[in-house]
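> Predicted structure and sequence below. I'll ask about it afterward.
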Amino acid sequence: MAKSKAREYVWLQCSDCGSLNYRTQVRVSGGAPKLQLKRYCPKTRTHTEHKIKRK
């Protein structure tokens, strides 16, 4: 079975310093998701909220 083409790569941007730390795939069928994850930021060396940033 073939994979769905309704996925795209997005960057996760730190809400404190604004750096783009992680890249992940999201499913875009049915509208844009509002994804917020608590991830490690190497610049500030803390766990902060990361939000979707499209390039």
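Great, that's in hand.
> tell me the pLDDT at residue 4?
Residue 4 is assigned 64 on the pLDDT scale.
> so where do the helices sit in the protein?
In the chain, no helices are found when defined by DSSP state H.
> in it, which residue is closest to the centre?
In the chain, the centroid-proximal residue (CA atoms, centre = their mean) is residue 12; its distance is 3.1 Å.
> That one bridge partners, please.
Beta-bridge pairing for residue 12 (DSSP bridges): residue 22, residue 52.
> try residue 39
Residue 39 has the following beta-bridge partners by DSSP bridges: residue 48.
> Run a quick neighbour tally on it.
Burial of residue 39 is recorded as 14 neighbouring residues (other CB atoms under 10 Å). No exception for glycine: its C-beta is placed from N, CA and C like everyone else's.
> what do you get for residue 25?
If we define neighbours as other CB under 10 Å, then residue 25 has 9 of them.
> from what I can see it touches residue 6, true?
No: assessed by CB atoms under 8 Å, residue 25 is found out of contact with residue 6, at 10.5 Å.
> Can you list the low-confidence ranges for this protein?
Applying pLDDT under 70 to the chain flags residues 1-4, 32.
> Which parts of it are strands?
7-14, 20-27, 36-41, 46-53 (DSSP state E).
> Which other helices and strands does the second one contact?
Judged by 3 or more CB pairs under 8 Å, 6 or more residues apart in numbering; DSSP states H and E, strand 20-27 is in contact with strand 7-14, strand 36-41, strand 46-53.
> same question, the shortest one
Using 3+ CB pairs under 8 Å, 6+ apart, the elements in contact with strand 36-41 are strand 7-14, strand 20-27, strand 46-53.
> The ones you listed: which one's closest to residue 35?
strand 46-53 (5.2 Å; CB to CB).
> how about the closest one: buried residues?
48, 50, 52 (16 or more other CB atoms under 10 Å).
> by how many degrees do that strand and strand 7-14 diverge?
Here strand 46-53 runs at an angle of 140 degrees relative to strand 7-14 (axes from the mean of the first three to the mean of the last three CA atoms, to 10 degrees).
> For strand 46-53, which helices and strands make contact with it?
On a contact count with 3+ CB pairs under 8 Å, 6+ apart, strand 46-53 meets strand 7-14, strand 20-27, strand 36-41.
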